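Undergrad: I would like to see how this sequence folds:
(2 chains)
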Amino acid sequence: MRQAAEVDIHDSKLSMAYIYIAFAALFLGTMAGVVQGLVRGGLIELPYSISYYQLLTAHGVLLALVLTTYFIYGFLHAGMSRTLGTMTPLERRLGWIGFWVLTIGTLLSFAMILTNDASVLYTFYAPLQASPLYYVGLTLFVVGTWIGGASLLVHYIRWKKQNRGQITPLFSFMTVGTILLWYVASIGVAVTVLLQFLPWSLGLVDNINILLSRTLFWYFGHPLVYFWLLPAYIAWYVCIPKIIGGKLFSDSLARLAFVLFLLFSIPVGFHHQLMEAGISEFWKYLQVVLTFAVIVPSLLTAFSIFATFELAGRAKGATGAFGWVRKLPWKDARFFAPFMGMLFFIPAGTGGIINASNQMNAVVHNTLWVVGHFHITVGSTVILTFFGIAYWLIPVLRGRAFTARMNKLAMTQTILWTVGMFFMSGAMHILGLLGAPRRTAFTTYQDHATAAAWFEGLLANQVTMALGGVILFVASMLMIYIVINLAFFAPKAHTEFPIGEVAEDARETPRILENWKLWIGIAVALILFAYTIPLMDMIQNAPPGSPPFRPW
Amino acid sequence: MHLHRYEKYWLIFGVGTLVVFLSIIGFTAFAHGHHPPSHMATVDAQNVKGSAPFDEPGLKQIDKNTYEATIIAMTFGYEPNKITVPKGSTVRFQVTSQDVVHSFTIPMTNVNMMITPGHINQSEHTFKEAGSYLVLCNEYCGIGHQHMQMEIEVTEE
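TA: As a prediction, the model looks like this:
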């Protein structure tokens, strides 16, 4: 007898649409990545018609924005359908409208990058000015995510009405937290693009307030990294316990962690602007303090996840202090890939604390260290977890099996990714400490001794960095092969959507954690506290604005 | 809400460390003045060369061991593009941009400032060793970004 699908077939199609584009972006984005890595290491030269910074823009946009956002929406839509039930036609239609608006925006911005009309990198700092169509594309991108997010929130609100007094399934609770964080954060980028960049690039106004645009961008830019991280946390909290045959340590701690992320990840953009003028010392320090508050939910998560691992191991008969480690399913790529991601998160989180420190930032600001940092956060922790999700999610959505052969390839893929990232990111971290700048094409600074040191050393070498990039590229192509197999060629089968259960002895979840109105209220109050006075100052005491520049 | 005993220890240790860490940062910042560059002075980015002090970019001696370097960042270089000071000098840099966002970064020192148009940013460094110091731009500023550099030569007396 055929089992009922884990996710409604119509909802599956919507999720898969998002996931196909995510992996298309992985394909193109890592291709741009390996080429610019080889150029940077001085190993190849680009043909005259392509600029290094154009490739760098494509690499950043495709991987940091397109891959992540599409994968997250695919994953969240599938999980909401699985935990709250099939979407209504209205909810599904919102999901599809979101998908198409997002996709039109993506294609428009990408076309501008291809024609070299938008070589402004994915941070698009004013007064570098791209084609107005680039900013239109970005606007559609954000609006698309809002509509896709509305699909999820409407689904949640309907479920709440139909299930009064019940506690929301953890997956859905976390999805709502993630989407709310995205909404509050993306207002910043929407405001700067709509009110500053678009009128200025269309020639309606002559000048742009640089500091204001940068501040609004980073108001969005830091929570953006939590928007990437939270779906990975969903997989860690909800899906991994099931995959390892265990139970979730504590439901309420998991929810508390997500609420804290919503509260503390947004009023903290200034630590990206520590090295610039126009923001006073006091406000910078205040936001540094708020930034560090995010460490608390990360500590909660670390404890919770490893407690889950230990409980699972002990339930299987492990003894001694670390006997449970051997009971974990090391040969299952659905566990192994996210686990390697978790290991990367230990140095990644430590590096993040250094980056956000008031004075220490001077040593690493805008050096390759930072590039190394986000390659082990989003590029490893998040992406390895997403790969781990893909190994079961694509089979669930396509009604296929994750075969033993694919598992073997997936294990190889994870090892290659880990080794490639170790060399690339390790080299980047050390080169950054030696002062090598990020976002810079091949240069020896007229053979200056300081720059020459970046091509010596075993690990601290731009050539090592490029070789790590080549290994990552191979791993990426292997991943594409696995995805194609899982989506189109793997044998038909029923695959389970892993949703973990809470341990029996965990206490009941306090109701207050479900009170989104309260948490949004506190989040807004914190944001107003951290931003109102500095923003007013930036507007009132602004220097004359800047005309556009296109120095590429 | 119920917290596991070990979870409590873990959080108390974590939050405690955090408080100590932030107190040290705050103390060095506000008691010792170790702030990141955060100056509030502004300038008309479209008329940098007509505005003091950038109408006379270059090096000025303040007292025996102290200098003031007034520097304009632009695509793709600095004006002036070389300064020379004797060993042991403290140089106060004040830098602005006449076009896009740049940085003024001296690798292997703590001088690392973002140079945003319209704002004057300041930093200082005492050069204790003789030699050639590379100054580079570490914020993407256009197609020639990788060529943007200057030199600080520190001489033996």
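Undergrad: residue contacts, the residue of chain B found nearest chain A?
TA: Nearest to chain A, among the residues of chain B, is B:P107, at 2.3 Å (C-beta to the nearest C-beta). Yep, even glycine has a C-beta here, placed from its N, CA and C like the rest. By C-beta atoms under 8 Å, 6 or more residues apart in numbering or on different chains, the contact set of B:P107 is A:434-436, A:450, B:134, B:136.
Undergrad: residues near the nearest residue to B:R92 once chain neighbours are set aside, how many?
TA: Using C-beta to C-beta, 6 or more residues apart in numbering or on different chains and skipping the chain neighbours, the partner closest in space to B:R92 is B:E124 (4.4 Å). Using other C-beta atoms under 10 Å in any protein chain shown, B:E124 has 16 other residues around it.
Undergrad: repeat for A:L194
TA: Neighbour count for A:L194, taken as other C-beta under 10 Å: 15.
Undergrad: From A:V193, how far off is the closest residue to it other than its chain neighbours?
TA: Nearest-residue entry for A:L194: A:T139, 6.4 Å, with adjacent residues in sequence omitted and distances by C-beta to C-beta, 6+ apart. Between A:T139 and A:V193 the computed distance is 6 Å (C-beta to C-beta, to the nearest Å).
Undergrad: higher neighbour count, those two?
TA: Between A:T139 and A:V193, counted using other C-beta under 10 Å, the more crowded position is A:V193 (24 against 20).
Undergrad: Next up, the contacts around the more buried one.
TA: So A:V193 contacts A:135, A:138-139, A:142 (C-beta under 8 Å, 6+ apart).
Undergrad: In JSON lines, list those residues along with secondary structure and pLDDT.
TA: Converted to JSON lines, the contacts of A:V193 look like this (DSSP: H, G, I helix; E, B strand; the rest coil; pLDDT from 0 to 100):
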{"residue": "A:Y135", "secondary structure": "helix", "pLDDT": "97"}
{"residue": "A:L138", "secondary structure": "helix", "pLDDT": "96"}
{"residue": "A:T139", "secondary structure": "helix", "pLDDT": "96"}
{"residue": "A:V142", "secondary structure": "helix", "pLDDT": "96"}
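Undergrad: hmm, who's touching stretch A:432-448?
TA: Contacts of stretch A:432-448 (C-beta under 8 Å, 6+ apart): A:39-42, A:52-53, A:56, A:121, A:363-364, A:366-372, A:450-455, A:460, A:462, B:105, B:107-108, B:132, B:134, B:136-140, B:145-147, B:149, B:151.
Undergrad: Under the pLDDT cut-off, which ranges of chain A? List them.
TA: Under the criterion pLDDT under 70, the flagged ranges of chain A are A:1-3, A:505.
Undergrad: For chain B, give me its nearest residue in it.
TA: A:G435 (2.3 Å).
Undergrad: burial measure for that residue, as a count.
TA: 24.
Undergrad: Then it would be within a strand, right?
TA: No. A:G435 is assigned coil when assessed by DSSP: H, G, I helix; E, B strand; the rest coil, not a strand.
Undergrad: so how far is B:K128 from it?
TA: 17 Å.
Undergrad: got a markdown table for the contacts of B:P107, with distance to A:I520 too?
TA: Shown next, in a markdown table, are these (distance: C-beta to C-beta, whole Å):
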| residue | distance to A:I520 |
| --- | --- |
| A:L434 | 44 |
| A:G435 | 43 |
| A:A436 | 42 |
| A:T450 | 49 |
| B:L134 | 48 |
| B:L136 | 44 |
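Undergrad: For these, which single residue is the most surrounded?
TA: A:A436 (28 neighbours).
Undergrad: And for stretch A:207-218, what's in contact with it?
TA: In contact with stretch A:207-218 (C-beta under 8 Å, 6+ apart) are residues A:123-127, A:188-189, A:191-192, A:196-197, A:200, A:269-270, A:272-273, A:276, A:278-279, A:531, A:534-535, A:538-539, A:542, A:544-548, B:101, B:116-119.
Undergrad: repeat that with 7 Å
TA: A:123, A:125-127, A:188-189, A:191-192, A:196, A:200, A:269, A:272-273, A:278, A:535, A:538-539, A:542, A:544-547, B:116-119 (C-beta atoms under 7 Å, 6 or more residues apart in numbering or on different chains).
Undergrad: ok so, going back, phi and psi next, for the residue of chain B closest to chain A.
TA: With angles defined as degrees, to the nearest 10, B:P107 sits at phi -50, psi 150.
Undergrad: Same question for A:P543.
TA: phi -70, psi 170.
Undergrad: Now for it, how many residues are close by?
TA: Burial of A:P543 is recorded as 21 neighbouring residues (other C-beta under 10 Å).
Undergrad: ok, it - contacts?
TA: B:42-45, B:118-119.
Undergrad: repeat that for 6 Å
TA: A:P543 is in contact with B:42, B:118, counting by C-beta atoms under 6 Å, 6 or more residues apart in numbering or on different chains.
Undergrad: The helix or strand of chain B with the lowest mean pLDDT: which residues count as buried?
TA: Sorting the helices and strands of chain B by mean pLDDT, DSSP states H and E puts helix B:5-30 at the bottom, at a mean of 90. By 16 or more other C-beta atoms under 10 Å in any protein chain shown, the buried positions in helix B:5-30 come out as B:7, B:10-11, B:14, B:18, B:22, B:25, B:29.
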